[in-house]
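>>> Fold the following, please.
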Amino acid sequence: MRLKMPMVGWFDPAQLIQTAIRVLISSLFGEFADRREAFAAANPIKDDKLDERCDYSATPDGDLWVDYVADTGDGWNPTFAIAQLLAAKQLHPRASAGGEAIEAGLPRAQVLVLGGDQVYPTASQEDYDNRFVYPFDEAYRPGGGPETMWDEKHRPDLFAVPGNHDWYDGLKNFFHLFCRRTIKSDGEAEISRNGNVIGGRQTHQTRSYFALKLPKGWWLWGTDSQLAGYIDQPQVDFFQYVAQCWMEPGSKLILCTGTPDWEYVRGDKPGTYEGLSYLERLAPAVRGKNHKLKLVLSGDSHHYARFQEQGLNYITCGGGGAFLHPTHQLPKEPVDFQTRFPRPGETFDPDHGPYDRRFAIGTKEGSGEEALFPDRNASRKLTAGNILFAFRNWKLTATLAAGYLFFIWLLDFNLRVSDGERLPAALVDGSLRDAIMRYWELGFYSPWSTILLIVSGAAYYYFAEIEKPWKRLLVGGGHALVHAALVTLITCLVVRAMAPTDLIGTILALAAAAIASAFASATVIGLYLWFCLSVFGIHWGHFSSLAIQGYKSFLRLHIDGEGVLTVHPIGLTKVPSDRGRRSGRPPDLDPHLIEPPIRIAP
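Predicted structure coming up:
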C-alpha cells in the first residue's frame with residue numbers, strides 16, 4: 001500500500017543512523033562500485049545519429065516548452081504541490097515584484113527534466129515509490145481513477161539527472177526507474193524495451209546522462225557527477241562526440257549539473273569548481289564549431305538563486321519538494337577565485353593559467369532586488385524557528401532524555417558501589433556547589449560513564465561545521481561545555497527541589513531531571529544552529545531541522561520560433577496540507593513568478 005509520507009526527520013536518531021550508514025558505504029565503495037561504465041558498455045549508443053527519442057528539434061508549432069525541477073521526493077505536501085503545477089494544462093502565475101503578469105498563461109511542458117535527488121533520504125525502492133512516484137502519479141491521475149490529465153497521444157517525456165541521494169545505493173534503483181529502456185544491438189540475443197511511465201510521462205534514457213536536441217539549434221545536456229563531482233570517461237567521450245559530430249556549428253547549450261559549484265566555491269577553495277570548469281568547456285572548446293554555453297542549471301541547494309558571470313546565468317533551483325535551505329548565508333559580494341581552465345568560449349593555454357573567475361548573485365529586472373527565493377530577510381526570520389528545536393525534533397529530544405537518564409543511572413550506580421547511598425542523597429546534602437562537584441566526581445568514577453562523556457564530546461566536535469581542526473575543537477568543545485554545564489545544573493536543581501527519600505521518589509526525580517535536561521539541551525542545539533547560521537553563515541545544511549515545506553520552485557523554459565530561450569522561474573510560497581485528504585479536490589495553489597522572465601538571445 002502506498003503511503004503519503006511526512007517530511008523526512010533529519011534529526012530523528014534512527015534516521016540519522018540509517019543515513020549515516022548509507023553515506024559511509026557509498027563514500028567508501030562508490031568509486032569501486034561505479035555502475036556508469038558498466039551501463040555504458042551494456043547500452044552502447046550508435047554513432048550514426050542521435051537517438052530519435054532525444055530529438056525535439058522538429059516540433060509541430062516550431063517551439064518547445066521544457067520544465068526543470070530538482071530535489072523532489074521528500075514529504076507528500078510539497079512534492080505533490082509541485083507535481084500538480086507541472087501537470088496543469090496551463091499555469092497563470094502571479095506577477096513578480098516589478099514585473100508583469102503573463103496573460104496568455106504558460107502551457108504544460110512537453111519535456112520534464114529532473115535535476116537530481118529525486119528521493120530522500122536514501123534511494124530505496126520503497127522511498128522512490130512513496131515519496132516520488134506516488135505524488136506524481138496522483139497529480140496525473142487524481143484519486144487513481146480513469147480520468148487523466150492528458151491522453152497517451154500527448155504524453156510528455158521525462159529525463160533525470162542523478163544527485164547524491166540517488167547515488168546512495170550505487171544508482172541501482174535510479175537505473176531501474178529511469179533507465180529501463182533498452183535498444184537492441186545487431187547480432188545480440190536481446191530485445192528492445194520501452195522505459196517506465198512515471199506520472200504519465202515516458203522515460204527514454206538508457207544511461208544516467210543524456211543529450212537532448214531542441215529546436216532552433218538549442219541542446220540540453222544532463223550530466224552525472226556521482227558523489228564527489230567525478231565525471232567518468234565514457235560520459236566525457238559521449239558528450240565530446242555529441243559536440244563534435246551531432247551538434248550543428250553555432251549550437252546553443254543548456255547544461256544541467258548535479259551540484260551548483262558556483263554557489264559553493266570560495267576564493268580560498270577554488271578546487272570546488274575544478275570539475276565544472278572542465279565540464280562547461282566540453283562543447284565550446286570544440287574547434288571550428290563555435291558552440292556557446294548559454295545557461296547552466298542545478299539543484300542540490302533547496303532554494304532559488306541566480307548567479308551570473310559576464311552575462312551568463314547559473315541558476316540554482318532545488319525547490320522541487322525537499323526541505324528548504326536558507327539564502328541569507330550566500331555571499332553578498334562577488335566571489336573571485338582562480339581555476340585551471342578559463343571561462344567557456346575562451347581559449348585554453350596550458351602555459352597561461354590559472355584563470356580568474358567571478359560569480360555574483362544576479363538582480364531582478366525592474367525591482368533591482370537580488371534574484372533569491374526566499375529573500376534574505378525571509379530566510380533570516382525562518383531561521384528563528386530553531387528556538388523551538390526541542391519540539392520540532394521531539395524524537396531527538398526523547399533520545400536525549402533516555403541518554404541522560406542512562407547516564408544519571410550510571411552515576412547512581414557508581415555512588416551505591418562506592419558509598420552505599422543513592423544519588424539524590426549525595427546531591428541534596430550540602431550546597432549547590434558541593435552537589436555539582438560531587439556530580440562530576442561520579443562522572444569519572446567508572447570507565448563506562450567516562451566513555452560516555454568522551455563519546456559525547458567527540459560528537460559535538462564532529463557536529464561543528466568547521467574545517468580547521470583547532471577552530472572545530474574550539475567551537476565543538478565550547479558547545480559541549482555549555483551542554484555539560486546546563487545538564488549538570490538542571491539535574492542538581494531538580495533533584496534538590498524534589499529531595500526524594502524512597503525508591504519511587506528517586507526514580508521520579510531522576511526521570512524528571514533527565515527530561516528537563518533533554519529539553520534544555522535540545523533548545524541549546526536550536527539556539528546554536530540559529531546563532532551559527534545568522535552570524536557565521538555555517539550549518540546551513542542543518543536548516544533541515546525546521547523541515548520547512550514552503551518556498552518551492554521550478555523553471556519553465558520556452559524556446560520560441562525565433563530561437564529565443566525564455567526562463568520562467570515559478571515559485572510557491574505556501575504549500576497547503578494534503579496528506580489527510582482521502583477524496584475530493586486537492587487544495588488550491590497560488591504560484592507566482594519569482595522574478596520577471598529571463599530572456600536569452602540565440
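>>> ok, which stretches of the stretch 451-600 of the chain are helices?
With helices called from DSSP state H, counting those that start in this stretch, the stretch 451-600 of the chain shows them at 469-498, 503-531.
>>> again with the stretch 301-450 of the chain
Under DSSP H, counting those that start in this stretch, the stretch 301-450 of the chain gives helices at 376-383, 389-392, 394-418, 423-428, 432-443, 447-463.
>>> With respect to burial, which of these scores highest?
helix 423-428 (a mean of 21; mean count of other CB atoms under 10 Å). In this view, the C-beta of every residue, glycine as well, is placed from N, C-alpha and C.
>>> from the chain's centre, how far out does that one sit?
Offset of helix 423-428 from its chain centre (CA atoms, centre = their mean, to the nearest Å): 49 Å.
>>> For that helix, give the mean pLDDT please.
Averaged across helix 423-428, pLDDT comes to 88.
>>> now for it, which elements pack on it?
Packing contacts for helix 423-428, counted by 3 or more CB pairs under 8 Å, 6 or more residues apart in numbering; DSSP states H and E, involve helix 394-418, helix 432-443, helix 469-498, helix 503-531.
>>> chain center to the first one: distance?
Its chain's average C-alpha position is 35 Å from that of helix 394-418, according to CA atoms, centre = their mean.
>>> In a strand, Glu103, correct?
No. Counting by DSSP: H, G, I helix; E, B strand; the rest coil, Glu103 is not found in a strand; it is coil.
>>> so what's the backbone phi/psi at it?
Main-chain torsions, Glu103, degrees, to the nearest 10: phi -60, psi -40.
>>> Run a quick neighbour tally on it.
Glu103 has 6 neighbours, counted by other CB atoms under 10 Å.
>>> any idea of the pLDDT on it?
At Glu103, the pLDDT value in this model is 73.
>>> try Trp246
Looking at Trp246, the pLDDT reads 94.
>>> mind listing what it touches?
By CB atoms under 8 Å, 6 or more residues apart in numbering, Trp246 lies in contact with Lys49, Leu50, Ala211, Lys213.
>>> now do 10 Å
Neighbouring residues of Trp246 by CB atoms under 10 Å, 6 or more residues apart in numbering: Asp47, Lys49, Leu50, Cys54, Asp55, Ala211, Lys213, Trp219.
>>> Can I get the helices and strands packed on helix 423-428 in a markdown table including mean pLDDT and distance to Ile102?
Formatted as a markdown table, those follow (pLDDT from 0 to 100; distance: least, CB to CB, whole Å):
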| stretch | mean pLDDT | distance to Ile102 |
| --- | --- | --- |
| helix 394-418 | 91 | 43 |
| helix 432-443 | 90 | 65 |
| helix 469-498 | 93 | 48 |
| helix 503-531 | 94 | 38 |
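>>> Could I get those in JSON lines, plus columns for distance to Pro142?
Output for the helices and strands packed on helix 423-428, formatted as JSON lines (distance: least, CB to CB, whole Å):
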{"stretch": "helix 394-418", "distance to Pro142": "33"}
{"stretch": "helix 432-443", "distance to Pro142": "59"}
{"stretch": "helix 469-498", "distance to Pro142": "48"}
{"stretch": "helix 503-531", "distance to Pro142": "39"}
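>>> so which of those comes closest to Asp578?
helix 394-418 (23.1 Å; CB to CB).
>>> Helix or strand: which one has the nearest residue in space to Trp65 that is not next to it in sequence?
Excluding the flanking residues, the one nearest Trp65 by CB to CB, 6 or more residues apart in numbering is Ala109, at 4.1 Å. Using DSSP states H and E, Ala109 sits in no helix or strand.
>>> Wait, Ala109 touches His558, no?
Yes. Counting by CB atoms under 10 Å, Ala109 touches His558, with 8.7 Å between them.
>>> what about burial for the contacts of Trp246, which qualify?
Leu50, Cys54, Ala211, Lys213, Trp219 (16 or more other CB atoms under 10 Å).
>>> OK, contacts around the closest residue in space to Asn393 that isn't next to it in sequence?
What sits nearest to Asn393 in space, not counting adjacent residues and going by CB to CB, 6+ apart, is Phe11, at 4.1 Å. By CB under 10 Å, 6+ apart, the contact set of Phe11 is 389, 392-397, 399, 522, 525-526, 542, 544-545, 547.
>>> Check Gly318 too.
Neighbours of Gly318 in contact, by CB under 10 Å, 6+ apart: 69-72, 115-117, 163, 259-260, 298-305, 324-325, 552-554.
>>> before we move on, the earlier item: and the helices and strands packed on helix 423-428: which comes nearest Asn173?
helix 394-418 (26.2 Å).
>>> Which strands or helices does that closest one pack on?
Using 3 or more CB pairs under 10 Å, 6 or more residues apart in numbering; DSSP states H and E, the elements in contact with helix 394-418 are helix 13-29, helix 389-392, helix 423-428, helix 432-443, helix 447-463, helix 469-498, helix 503-531.
>>> Could you say which helix or strand holds the residue nearest to Asn393?
Secondary structure from DSSP H and E places Phe11 outside every helix and strand.
>>> roughly how far out does the strand or helix carrying Gln240 sit from the chain middle?
For Gln240, the host element (DSSP H and E) is helix 233-241. Distance of helix 233-241 from the chain centroid (CA atoms, centre = their mean) equals 27 Å.
>>> If you count neighbours, what's buried in that helix?
Neighbour-count burial for helix 233-241 [16+ other CB under 10 Å]: Pro234, Gln235, Phe238, Phe239.
>>> Does Phe413 touch Ser446 like I think?
Yes. Assessed by CB under 10 Å, Phe413 is found in contact with Ser446 at 7.9 Å.
>>> Need the residues touching each of Ala109 and His558.
Contact criterion CB under 10 Å, 6+ apart; residues shared by Ala109 and His558: Leu64, Trp65, Val66.
>>> could I get the stretch of helix or strand the last one belongs to in CSV with only the CA atoms?
Just to be clear, that refers to Val66. Element membership for Val66, per DSSP H and E: strand 64-69. What follows is strand 64-69, C-alpha atoms only, in CSV (Å, rounded to 0.1, in the frame of the first residue of the first chain):
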residue,chain,number,x,y,z
LEU,A,64,9.2,23.8,-27.3
TRP,A,65,8.4,24.0,-23.6
VAL,A,66,10.7,22.3,-21.1
ASP,A,67,10.3,22.1,-17.3
TYR,A,68,13.2,21.8,-14.9
VAL,A,69,12.7,20.7,-11.3
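>>> That strand - which strands sit beside it in the sheet, and in what orientation?
The pairing partners recorded for strand 64-69 under DSSP bridges are strand 111-114 (parallel), strand 552-559 (antiparallel).
>>> Show me what the next helix or strand after the first one is packed against.
Counting by DSSP H and E, the next helix or strand C-terminal to strand 111-114 is helix 125-127. Counting contacts by 3+ CB pairs under 10 Å, 6+ apart, helix 125-127 is packed against helix 172-178.
>>> just to revisit the earlier point, Arg131 is nearest to which of the helices of the stretch 301-450 of the chain?
Of all these, helix 394-418 sits nearest to Arg131, with 18.8 Å by CB to CB.
>>> Now do that closest one and helix 432-443, the angle between them.
90 degrees (axes from the mean of the first three to the mean of the last three CA atoms, to 10 degrees).
>>> I figured Asp55 was touching Leu214, is that so?
Yes. Using CB under 10 Å, Asp55 makes contact with Leu214 at a distance of 9.0 Å.
>>> give me the low-pLDDT residue ranges for the stretch 501-602 of the chain?
By pLDDT under 70, the low-scoring segments of the stretch 501-602 of the chain are 583-584.
>>> any chance of the strands paired with strand 64-69 in JSON lines, with mean neighbour count too?
Output for the strands paired with strand 64-69, formatted as JSON lines (neighbours: other CB atoms under 10 Å):
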{"stretch": "strand 111-114", "mean neighbour count": "24"}
{"stretch": "strand 552-559", "mean neighbour count": "26"}
